[in-house]
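Engineer: only geometry, no sequence info:
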C-alpha cells in the first residue's frame, strides 16, 4: 500500500479585538495594538500554523453595542469559499480580546468573567448598570464562565519570554468583563475558544514592548492550543 503522507497540521485562526477610548482613557493602547497587529506580525513572518482572521476595534460599551459584538463574533464562523473543502476539524478558532487596565503595571491573562455588570462610570453609550446580571437566564451575578484555554500554561510560556505577566481571576465588572462574558458564552455554544488579556497603558509599558507581547501571545496560542 502506498503512503498517505503525514496528516495536515491544524491551523489556528485567531480573531482579535481591542477597544476605542472611554472615560479616563482618551488614547486606548489596545486600539493601536490591534490596528497594527497584522502588519507587525507579517514583518516577522507568521508561523505556518497561525492565521490572523480579523482585527476589530469595538466600542467601549455594553448593552448598546451587543448587536455589533455578536456580528463580530459570528464572523469567525464564516468559512471562505476556497476553504470549504477543508475539514472543520483541521482548524481551530480563537477569539482574543485585548482591554486596558489603566492602573496595571503588567499584563494579565484573564481566566474568567462574571455574570455581573456594575459599571463605575457610564460606558460610551451612556449606560451605567449597577449590580445586574449580564445574561439573566444564566443565574445570579456570582455566576462565572471560564475560558477553556490553559491560562497557566500560556502565562508561563510568556513569562519564559521575559514578559511581566500574571494570571488573573477577576476582569473587573466594566465593559471588558461584559464583552468577555458574552464571548465565553458564544464560544461555548459554538465550540470555539475565547481569551481576554488586560494590558497597561503605554506610559507604563511602551508600545514596542506591547506589540512584541501581542505577537508572542499569538505564537504561544498557536503552539499550545
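Structural biologist: Happy to help now that I have it. Every value quoted in this text rests on a predicted model; they were computed, and no experiment measured them.
Engineer: Next SSE downstream of the helix or strand harbouring residue 34?
Structural biologist: Element membership for residue 34, per DSSP states H and E: helix 29-43. Where DSSP H and E defines the elements, the next helix or strand beyond helix 29-43 is strand 50-58.
Engineer: still on that earlier bit, for the helix holding residue 34, name the packing helices and strands.
Structural biologist: In this structure, helix 29-43 makes packing contacts with strand 11-19, strand 50-58, strand 91-100, strand 193-199, helix 207-224, judged by 3 or more Cβ pairs under 8 Å, 6 or more residues apart in numbering; DSSP states H and E. Every C-beta, even on glycine, is put in place using the N, C-alpha and C of the backbone.
Engineer: Mean pLDDT and mean neighbour count added to the ones you listed, as JSON lines?
Structural biologist: Putting these into JSON lines (pLDDT from 0 to 100; neighbours: other Cβ atoms under 10 Å) gives the following:
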{"stretch": "strand 11-19", "mean pLDDT": "96", "mean neighbour count": "22"}
{"stretch": "strand 50-58", "mean pLDDT": "96", "mean neighbour count": "17"}
{"stretch": "strand 91-100", "mean pLDDT": "95", "mean neighbour count": "23"}
{"stretch": "strand 193-199", "mean pLDDT": "98", "mean neighbour count": "25"}
{"stretch": "helix 207-224", "mean pLDDT": "96", "mean neighbour count": "18"}
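Engineer: These: which one's closest to residue 124?
Structural biologist: Proximity to residue 124, assessed across the helices and strands packed on helix 29-43 by Cβ to Cβ, is greatest for strand 11-19 (9.1 Å).
Engineer: just to revisit the earlier point, let me have the helices and strands packed on helix 29-43 in JSON lines, adding distance to residue 112 as columns.
Structural biologist: Supplementary listing: these in JSON lines, determined by distance: least, Cβ to Cβ, whole Å:
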{"stretch": "strand 11-19", "distance to residue 112": "18"}
{"stretch": "strand 50-58", "distance to residue 112": "20"}
{"stretch": "strand 91-100", "distance to residue 112": "13"}
{"stretch": "strand 193-199", "distance to residue 112": "9"}
{"stretch": "helix 207-224", "distance to residue 112": "18"}
